[in-house]
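Trainee: What would the 3D arrangement of this be:
(chains A, B, C and D)
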Protein chains: 4
Amino acid sequence: MIRVGIVGGTGYTGVELLRLLAAHPDVELCAITSRSEVGVPVADMFPNLRNKLDLCFSEPALENLSQCDVVFYATPHGVAMAGAGELLEKGIKVIDLGADFRIKDIPTWEQWYGMQHTAPELVSEAVYGLPEVNRGAIRSARLVACPGCYPTAVQLGFMPLLENDLVAIDCLIADAKSGVSGAGRKASVGTLLCESSENFKAYAVAGHRHLPEISQGLTQMAGTNVCLTFVPHLVPMIRGIHATLYATLKSDADLQLLYEQRYQDEAFVDVMPEDSHPETRSVKGVNQCRIAIHRPQGGSTVVVLSVIDNLVKGAAGQAVQNMNIMFALDENTGLDSIALLP
Amino acid sequence: MIRVGIVGGTGYTGVELLRLLAAHPDVELCAITSRSEVGVPVADMFPNLRNKLDLCFSEPALENLSQCDVVFYATPHGVAMAGAGELLEKGIKVIDLGADFRIKDIPTWEQWYGMQHTAPELVSEAVYGLPEVNRGAIRSARLVACPGCYPTAVQLGFMPLLENDLVAIDCLIADAKSGVSGAGRKASVGTLLCESSENFKAYAVAGHRHLPEISQGLTQMAGTNVCLTFVPHLVPMIRGIHATLYATLKSDADLQLLYEQRYQDEAFVDVMPEDSHPETRSVKGVNQCRIAIHRPQGGSTVVVLSVIDNLVKGAAGQAVQNMNIMFALDENTGLDSIALLP
Amino acid sequence: MIRVGIVGGTGYTGVELLRLLAAHPDVELCAITSRSEVGVPVADMFPNLRNKLDLCFSEPALENLSQCDVVFYATPHGVAMAGAGELLEKGIKVIDLGADFRIKDIPTWEQWYGMQHTAPELVSEAVYGLPEVNRGAIRSARLVACPGCYPTAVQLGFMPLLENDLVAIDCLIADAKSGVSGAGRKASVGTLLCESSENFKAYAVAGHRHLPEISQGLTQMAGTNVCLTFVPHLVPMIRGIHATLYATLKSDADLQLLYEQRYQDEAFVDVMPEDSHPETRSVKGVNQCRIAIHRPQGGSTVVVLSVIDNLVKGAAGQAVQNMNIMFALDENTGLDSIALLP
Amino acid sequence: MIRVGIVGGTGYTGVELLRLLAAHPDVELCAITSRSEVGVPVADMFPNLRNKLDLCFSEPALENLSQCDVVFYATPHGVAMAGAGELLEKGIKVIDLGADFRIKDIPTWEQWYGMQHTAPELVSEAVYGLPEVNRGAIRSARLVACPGCYPTAVQLGFMPLLENDLVAIDCLIADAKSGVSGAGRKASVGTLLCESSENFKAYAVAGHRHLPEISQGLTQMAGTNVCLTFVPHLVPMIRGIHATLYATLKSDADLQLLYEQRYQDEAFVDVMPEDSHPETRSVKGVNQCRIAIHRPQGGSTVVVLSVIDNLVKGAAGQAVQNMNIMFALDENTGLDSIALLP
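Mentor: As a prediction, the model looks like this:
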């Protein structure tokens, strides 16, 4: 059994980690920490865990985590970079679901996240946890930086095009839509039901923190700097991301075949048949990315539709997938459930 | 492995059965029939089943079901009573999720369902599949009639009060609220998103088909005829039933203790602590009934709150629970997942 | 033109008042105060008011309200009782949408609201602003206490039964359901979209602040103390209250006729035809209560269904209705719009 | 008073027309026809109209419309082209909310709508009813073809850029999102609450009927053929369209100023301040288009955000705006209400 600890389990990625790990056959949940909720049973905060998980929140202190084999950080940025070093020194692997180790260029990170980075040496070591790109490096990593939710959907959608130099890289467009759980479980007026249901809007068009992360990933795939316009939108639903991606083809190719071949060995990326429209509900609660490729009117614009559950393949599920790889388990372990429909 | 067939798998109880049975460790799904969809892969109709279930709809003919150990009917009333007899003769057990065998009094059934009953002898034989009441009989049953969704929530909520003769039986009230999936997956104006979201209403106050079923169950618990007022309402959400039950106490008792003791061995009924308010989302997708008992201002009116997922403990999950009992499996097999939250 | 001021216009009743008053032909909006938003244009906070209302929030000081003919308080309890006296002294009428003057018995108020009442003499003077009961007194009132949202729906629903002594008064039941806007526009986890959509639950079963207010009103109608069980529930929608009321008939009567006659001159109470089920969406955004009366199976339990928009007939609209009466306008002025459907 | 008739009033554009026209000070509603609902009071079908509109559906025969000054068609394509000629001959003006007269090129229309056009001469005469483009021609028109919902949002969003030749016309992108009411009020599985809530998807990426209509309009604005990629999506809400438009700038310009000047005299187009994100709820129920212009990271990609209520500025409201122009009324008459929020 892998002994697992979670730092910061009071948000939506935290409860989703708990749901997945409580059912994982090779995991023993040892500790979940939260400064504000010490002593509270997790099942009191999350009623779905009643009679399923007998664990209380504890202090986020090293001694509460020192018996773990791996610790997940499900915290706002700034927390993992303060604690990960100590854990790594004790031989405990770290999987960060936050943003601290995602961006390799420290000044870029500091500009977008508005604080000084206190562990730049760990950034160099950290492996970006997108298994479809970095599986080999993840296998031997001590520290994995899980991708953001938008970055997962957008990178998996663009990857085959960029790896094969098929599209103009100076005008990529990612029009992305997210359910409200992407904004987290903190009290805020903007995400009240009365403010965000029966409504649709774009936000952060001038610049969103996931932009530099996506650009870094796409640039690596393309082997050269890409220029991306990224527009996120808020959808009146709980879970799901739908990325609609636009690029201009430079040369002809059988795109359907290209995508199918690129992802044929990937258990968690499903290339749908031609002329499909993936629905976010088809991946609700499961670690899956579904992709469809279109070329409307046979023109030079390619349209890629990519959907994930932001809390699963976009966060907690991908984190567990990374853990499975790091501990040499079948990648599918604990991740093979079926989406709830309707 | 139990060889399982499903008749009529194109509705919401059908897809929920598929989801549960596809993940059940002791089940082999052999056939799913639908007159209108013969030859269509089930995954084309239900995108959550893509890459999870490789089965096509077949003709609802006996030969397609004859190799099964058990057949589930997820059909409108009138279908199971026409086919069950033939299956039973071949030694195939039958679990009906529809209404054909729920009501013992044939004239009552015929009055509420508006058709002649063609298999009254099977009604006598059928065991009402509420395991918390009839576990012993279910164990040896050939034919089980699964309770309706409202009847499950209401009966489990009232049961300890009636079994112990604690309340006046001439003025029981069940104010019940259901998500829209209770209305099924048929095209209809009333359940369009634009008609049923951002709206709340009662319906069928003059008389709902679940009324005689609930009355029959409550009468059996009380040992004498009860008089129930049952008012169902439509909630703008997909899944979930919340029954708010009112009764007048005849004598004093420790109701909290009474409920806890009644259900202490029941894996799928959770009596919550005092002063709790169960939420429907806490049972979304899982085979669970959660109950809380209140006595506002210490008066003589007892208020019981009872929630289930109408498609799971109210339909497909309870059907699988019955199957587990009929085949001497651990009752929990395939039914131990954790509700998705948020 | 009536010169109108609003104290505390940053909540949902505040913006609804603004919407109604901005379109009212006899009203000039002079001031809207908010301690936290001084200087902010109201249209910046409420995008529906862009280009419709050119007013900024000002300090809640007397001098900003002294030119008004009437001031509405759309504030949490405790605010109006501190400021109303000063306004009344200057000859300014006051309409309180909060709870400060609703309950006549001061100790009861102090018990439920957890603070000392600082203006008990104004409580005596205040007229309870349910026009269907108190129209005459409202006409000459200086200070009107608008009913709460649940109390409006429940009292209008029970009134004809109680006024005519037709039901047992020791076991009245009000099973009430409210949209989330009833919880107000403050940041809180419980009313986030991710917590309150796709969910249904009861709350405050042990005791809700609207209980003593309703009991006071029903007792006045009955002429004797009534005993009410009141169970509120949260519905995953923005607006609307549906009260399902239960009472035991003591004697026979033509209830349909009784209700129609009681409300025949009331513009804002619509008694629907027999066997109707009023929908909350039919009153969305409008000052209307719709009522249907049922007697299931012809038994002794009468079921009344009563719906309102909690922000209109349950708050801002009723406040404007009261203003119209106080200023001798046609009661319908500014209140004759049609509900948005779908 | 303008005497108005409506053909086909049982859908969502029909009930929205009824809502707007019933409150219009210069309109007398004379007839509303529906083949399937003859004799039924409209208020029975649409509960928001109870006590507001005393009219029954009548046969769609000429004699029922012959006393009208203007007739609105709120019908599927194919109906208006069969009936409009007869009305025009009698001197009755016609406003079609459907698609019959929107596209000038008959073969294009026939290809996308899959039927023969039976009144091509009326297509030549019809004025495309986008007042911000064609106000002069609308003033004297006998027959107006109201734009589709997507076309309204997209054309108003792109117009200033194309009229001023500022962007490359070979790679325009319109990523558009619509509430479910855009799919109409017909019974269909895809738009059930249980299928379309808690879900987001693109549809008709290969080609949507609004594509040729939008292309025609943009081409006219640009003075040369444009190439547009149009991807519609379904949003889990009732009303609202959000179009996110992308274009590549050819030369520099003060885009904010450009838009403000272009629309300064337009009552129903609101250019928001820089860095704004218009919300669909801010126009719910009102005849308004709100637009914001962005140039992320100061690059060459311009992003325009354009929102409307699909049933108002995208259908019934724009139709009434056209009527006001045709009958020389103030364009704002009956269209100055404030959006419901929350």
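
Trainee: For the closest residue to chain C within the stretch 201-342 of chain A, give me phi and psi.
Mentor: Across the stretch 201-342 of chain A, the shortest distance to chain C (Cβ to the nearest Cβ) belongs to residue A:238, at 5.1 Å. The C-beta positions use only the backbone N, C-alpha and C, and glycine is treated the same way. Main-chain torsions, residue A:238, degrees, to the nearest 10: phi -80, psi -60.

Trainee: My read is that it contacts residue A:182, right?
Mentor: No: between residue A:238 and residue A:182 there is no contact, the gap being 9.8 Å when judged by Cβ atoms under 8 Å.

Trainee: Which parts of chain A belong to which domain?
Mentor: Chain A breaks down by automatic domain parsing into domains covering A:2-125, A:149-311.

Trainee: Same list (those) but as CSV, adding mean neighbour count and mean pLDDT.
Mentor: As requested, these are arranged in CSV below (neighbours: other Cβ atoms under 10 Å in any protein chain shown; pLDDT from 0 to 100):
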stretch, mean neighbour count, mean pLDDT
domain A:2-125, 19, 96
domain A:149-311, 22, 97
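
Trainee: I'd assumed residue A:231 was in a strand, is it?
Mentor: Yes: counting by DSSP: H, G, I helix; E, B strand; the rest coil, residue A:231 falls inside a strand.

Trainee: List the contacts of it.
Mentor: Going by Cβ atoms under 8 Å, 6 or more residues apart in numbering or on different chains, residue A:231 touches A:173-176, A:202, A:205, D:244, D:296, D:303.

Trainee: for these, which one is nearest residue B:102?
Mentor: Comparing those against residue B:102 with Cβ to Cβ places residue A:176 closest, at 48.2 Å.

Trainee: hang on, that closest one is in a strand, isn't it?
Mentor: Yes: counting by three-state DSSP, residue A:176 is located in a strand.

Trainee: what about it, distance to residue C:246?
Mentor: To residue C:246, residue A:176 is 49 Å away according to Cβ to Cβ, to the nearest Å.

Trainee: Over to residue A:162?
Mentor: In terms of Cβ to Cβ, residue A:162 sits 65 Å off from residue C:246.

Trainee: just to revisit the earlier point, export the domains of chain A to a markdown table and tack on distance to residue A:333?
Mentor: Putting these into a markdown table (distance: least, Cβ to Cβ, whole Å) gives the following:
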| stretch | distance to residue A:333 |
| --- | --- |
| domain A:2-125 | 6 |
| domain A:149-311 | 11 |
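
Trainee: Shouldn't residue A:291 be within a strand?
Mentor: Yes: Residue A:291 forms part of a strand when assessed by three-state DSSP.

Trainee: In this structure it contacts residue A:271, no?
Mentor: Yes: at 5.4 Å, residue A:291 counts as touching residue A:271 under the criterion of Cβ under 8 Å.

Trainee: okay, and the common contacts of these two?
Mentor: With Cβ under 8 Å, 6+ apart, residue A:291 and residue A:271 have common neighbours A:259, A:263.

Trainee: about what we covered before: using CSV, lay out the contacts of residue A:231 together with distance to residue A:220.
Mentor: Compiled in CSV, the contacts of residue A:231 are given as follows (distance: Cβ to Cβ, whole Å):
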residue, distance to residue A:220
A:173, 19
A:174, 16
A:175, 22
A:176, 19
A:202, 27
A:205, 25
D:244, 27
D:296, 21
D:303, 25
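
Trainee: so which of those residues comes closest to residue C:48?
Mentor: Closest approach to residue C:48 among these (Cβ to Cβ): residue A:202, at 18.2 Å.

Trainee: Name the residues linked to that closest one by a beta bridge.
Mentor: residue A:233 (DSSP bridges).

Trainee: where's residue A:81 relative to residue A:94, distance?
Mentor: The value you get for residue A:81 to residue A:94, if Cβ to Cβ is used, is 10 Å.

Trainee: Please list all residues in contact with the residue of the stretch 1-150 of chain A found nearest chain C.
Mentor: Nearest residue of the stretch 1-150 of chain A to chain C: residue A:12, at 6.9 Å (Cβ to the nearest Cβ). Neighbouring residues of residue A:12 by Cβ under 8 Å, 6+ apart: A:181, A:184-185, A:311, B:342, C:194.

Trainee: any chance of those in JSON lines, plus distance to residue A:32 and secondary structure?
Mentor: As requested, the contacts of residue A:12 are arranged in JSON lines below (distance: Cβ to Cβ, whole Å; DSSP: H, G, I helix; E, B strand; the rest coil):
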{"residue": "A:181", "distance to residue A:32": "19", "secondary structure": "helix"}
{"residue": "A:184", "distance to residue A:32": "17", "secondary structure": "coil"}
{"residue": "A:185", "distance to residue A:32": "15", "secondary structure": "coil"}
{"residue": "A:311", "distance to residue A:32": "17", "secondary structure": "coil"}
{"residue": "B:342", "distance to residue A:32": "18", "secondary structure": "coil"}
{"residue": "C:194", "distance to residue A:32": "20", "secondary structure": "helix"}
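
Trainee: so can I have a markdown table of the residues you listed showing distance to chain D?
Mentor: Below are the contacts of residue A:12 laid out as a markdown table (distance: Cβ to the nearest Cβ, whole Å):
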| residue | distance to chain D |
| --- | --- |
| A:181 | 11 |
| A:184 | 19 |
| A:185 | 18 |
| A:311 | 13 |
| B:342 | 11 |
| C:194 | 11 |
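
Trainee: of the residues you listed, closest to residue D:219?
Mentor: residue A:181 (41.7 Å).

Trainee: from what I can see that closest one touches residue B:342, true?
Mentor: Yes: assessed by Cβ under 8 Å, residue A:181 is found in contact with residue B:342 at 5.5 Å.

Trainee: okay, and the common contacts of the two?
Mentor: Contacts common to residue A:181 and residue B:342, judged by Cβ under 8 Å, 6+ apart, are A:12, A:238-239, C:194.

Trainee: show me where the stretch 151-300 of chain A has helices.
Mentor: Using DSSP state H, counting those that start in this stretch, the helices assigned to the stretch 151-300 of chain A run over residues A:193-196, A:210-222, A:255-262.

Trainee: I'd like these as TSV, with distance to chain B appended.
Mentor: Shown next, in TSV, are the helices of the stretch 151-300 of chain A (distance: least, Cβ to the nearest Cβ, whole Å):
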stretch	distance to chain B
helix A:193-196	11
helix A:210-222	21
helix A:255-262	13
